[in-house]
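Give me the fold of what follows.
(chains A and B)
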Amino acid sequence: MRVRIFTFLLVVALVTGLVTAALPSGMVVAQGITHSECKEDLTGMTIPFYTFGDLSGPYAPITQPLAAGFSDALKYFNGMGGICGAQIELVQEDSGGDREQSLSIYQRFSTADPKPLLLLLYASADSELLRERVAEDEIPVFLFAGSTIGLYGEKADTPGWIYAGIPLYTDQFGAFCKWVASAWTTDLKREGAPVIGHLSWEGSFGRATETTETTAYCKAQGVEVVGGEYFLPTATDVTAQINNLVSKGANILYTTTLASGTALIAKDLTTLGLEEQVLLAGANWVLDSSVGLLGQRTLKPSGMPSTDGVLGLLPYTWWDEKHPGTALVQEQFTANNRPPTARGIAYLAGFGAIDTYIELIIQTVNRVGKDNLTGAEVKKTLDGFKYEALGGVFSYDWTNGVRDVRMTRIGQLGYLRGADGAPVIVEVGGQKMLVPVIAPVTTESVPVPDLKPGGADVPK
Amino acid sequence: MDFLILGKPGYLVLQALVTGLLVGGVYALIALGIVIINKASGVFNFAHGFMMLIGALIFWSLFQSTGLSPVLVFLFSGVVLTVLSTGVRFPANWKREQRIAVIAVLWGLTGATLIQTDHLLIRALVGTALGSALMGLVIERLTIRPLIGQPLFTSVMMTLAVGQVLLGATQLTWGSVERGLPVFATTNALGLSQAFAPIRISGVLGGMLVIKTELLIAFVLAILTFVAFVLFFNYTTLGLSMRATAESQDLAQAVGLRVRAILAVAWAIAGVLAALAGILHGASTGISITMAGLALRAFPAVLLGGLESIGGAVVGGLVIGVVEKLGTAYFGSDVGEQLMPFVILMIVLIIRPTGLFGEKRIERI
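Sure, this is the predicted structure:
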């Protein structure tokens, strides 16, 4: 009898052990999303999440959905227990894209008691402006932009306190050059050699891509870069800029703009009748629903919108891909009655940022205890941080002095088509429209080249 | 063989020239609104760009096929018409009942136009005209009129503050998401709104000239508006009164002109002009919060033409547009768009400090 009982208990213990081992370690907060197990209970605490940026200036169209993503994510994750029982509180301010405002808000945030454990920013210009200050104040920054100066300094040799959620814009461009060189005659079925002209917004963000390093790297890949033209976000027309680049031989326009900026270039390419002759591509922001929605008023001779077929970098999983993380975000998006115009990268990034913040604080508390939770300790965690945010929608690995994302795919903007191949038309607010979709062109993520000044992949 | 103009293919130079003229039309319209205010009150209106944004968003809201609450519509149109009617000089022999009857008929017609959803363009135009005029009146009444008698600089600073308030109101009401404005559009075979096709003329100076239809419409409307204002200021009682008020408020008051009402009308007109410029710009690129910054591009046009000159605003707008595009064609966008408009402005101001058409004032001591 004792033997039977012992055997039974042994079997139960074995089965339980096997089941436990099969499950991911840590605390499952939703299907596919796992946070580290909490070693301390933080119930009763409130942990602020600080962020500021341009909510009312040129970047507002994309940052407003970001704020919606923060808000919905906080509601969801706080409902799931927050950070080991602590509730997360959003502290958000609007800089209007103004440098003085950014400094003033930062001053207020950095002197708050207690000091921010992490600050989320989403403008290259802000990261460059505050790079030295955040290091002095020991406030790590999670940045949703790809400025080399912001992350690595003027000489690109000093990884600082800022960690990016996307690849550097220079490296994105390099990855595009490498891909387009290999796909030019095969996948893209083009003749001759690829020749790129930069056409971007004026400012730190727009000008981040055109550097001597990227030009040299692209040349080494067999892609000539003929220079750049820039325009203000208020521009009504960029035909003169396009004509300049095309007359220099450009058959690809690469843009570091977003929303209306990309849509304006696509529109003017079609207006000039160059939509077949010249490809339009850009940094990760061009692959966004905002571009797809704004670009549909001008149709190509094929009957599809001017933005159909825009190529770009896709360093994360997109809404339309089957994934438990995007499924969760879609569920919350619907539950919070967000408008279709907000279903873009900004909302997704906002949601992912909160998930990342939770994991970061849990790991830090587990390491140093809740009483020693400081920005400096959070930075130590960041320096060894590897995390699949939203179960792998975003992949971060900031170990070994890396401050940005080093993997990407190439993606393409298109429009939803029915089983018969015809574009699907929906009616939103009384207006008929096509549904923008973004799909990966390359299935596997590939490493981006290191094109910082003095970077490993810069041709000697 | 290519036809070259100063080393550039002729058709590209012509393309830049034509596009510059058309883009300049929008600048001219913006400049016109700023000049009207300055002419009437001496105030340089820094809120003009934000008035454009609100005007365009009112138009966008009314251009959607969603129905509006009849109660709100009649309340709104009643308030606007009542306010506007206080500035109208009815014929002296009209009795009070006749005046009320006219306003009541206008109220009914306006209300009916705003409620219907069959003719969205008419609804949007009427609603935007009323809404933007009301916006101008409210700004004048609440922020500018209380500053009469104070240094002019105070009023100018007030317009900066008004701009920020309008921006906040915009965000609270409409948010910051960019919106397409499918006016100047047709419906394609799929039932989707589609912008008018551009006009393409081949075989011009060795290439093809492309004219954007929406820019052409904006240009034509800007010129028509200019002509309308020239006629208004030269041949209507109100226009002549406004000119007299601009010349000297004290003298105008001494001869019995209602100076305050005239200032209010100037702001209402500027509100409508701002809305028109906002709609034309929005039709071309969509409505985004950055639209307010477009007014900054028109400032050189205002200064170039002369702060008080209606004709100068138009010429200034067109010159700046052409300089931008030709400069970009020859020297790239850095020089063309960022530098050249301001260099031209500086040169003109050094030679003619009052601008091309500004009035030279002689102070007699």
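
can we go C-alpha only for contacts and neighbour counts from here?
Fine.

ok so residue A:198 is a strand residue?
Yes - assigned with DSSP: H, G, I helix; E, B strand; the rest coil, residue A:198 falls within a strand.

what residues are up against it?
Applying CA atoms under 8 Å, 6 or more residues apart in numbering or on different chains to residue A:198 gives the contacts A:210, A:225, A:226, A:227, A:228, A:229, A:230, A:253, A:254, A:255.

ok, which residues in the stretch 151-300 of chain B are in contact with chain A?
B:167, B:171, B:175-180, B:182, B:191-195, B:197-198, B:210, B:212, B:281, B:284-286, B:288-291, B:293-294 (CA under 8 Å from any CA of the partner chain).

Among these, which lie within helices?
B:167, B:171, B:281, B:284, B:285, B:294 (DSSP state H).

Quick check: closest non-adjacent residue to the fourth one.
So the one you mean is residue B:284. Spatial nearest neighbour of residue B:284, excluding adjacent residues (CA to CA, 6 or more residues apart in numbering or on different chains): residue B:214 at 6.1 Å.

Hmm, that neighbour is touching residue B:183, no?
No - between residue B:214 and residue B:183 there is no contact, the gap being 9.0 Å when judged by CA atoms under 8 Å.

Give me the pLDDT for residue A:264.
For residue A:264, the pLDDT comes out at 94.

who touches the nearest residue to it once chain neighbours are set aside in this structure?
Leaving aside its sequence neighbours, residue A:264 sits nearest to residue B:285 (CA to CA, 6+ apart; 6.6 Å). Residue B:285 makes contact with A:236, A:260, A:264, B:180, according to CA under 8 Å, 6+ apart.

so where's chain B shaky on pLDDT?
B:1, B:65, B:87-88, B:361-365 (pLDDT under 70).

Which helix runs longest in it?
Under DSSP H, chain B gives helix B:10-41 as its longest helix.

tell me how far that helix is from the chain's mean position?
In terms of CA atoms, centre = their mean, to the nearest Å, the centre of helix B:10-41 is set 11 Å apart from its chain centre.

Quick one: list the elements packing against it.
helix A:239-247, helix B:48-63, strand B:207-211, helix B:213-235, helix B:237-247, helix B:259-285, helix B:294-305, helix B:310-331 (3 or more CA pairs under 8 Å, 6 or more residues apart in numbering or on different chains; DSSP states H and E).

Serialize the ones you listed to CSV and add fields for distance to residue B:343.
As requested, the helices and strands packed on helix B:10-41 are exported to CSV (distance: least, CA to CA, whole Å):
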stretch, distance to residue B:343
helix A:239-247, 20
helix B:48-63, 23
strand B:207-211, 28
helix B:213-235, 24
helix B:237-247, 30
helix B:259-285, 25
helix B:294-305, 10
helix B:310-331, 10
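
closest to residue A:173 out of these?
helix A:239-247 (17.4 Å; CA to CA).

contacting residues around that closest one?
By CA under 8 Å, 6+ apart, the list of residues contacting helix A:239-247 reads A:197, A:199, A:226-230, A:268-269, A:272, B:12, B:15-16, B:325, B:328-329, B:332-333.

picking that back up, mind listing what's buried in the longest helix of chain B?
Neighbour counts over helix B:10-41 (16 or more other CA atoms under 10 Å in any protein chain shown) mark B:10-41 as buried.
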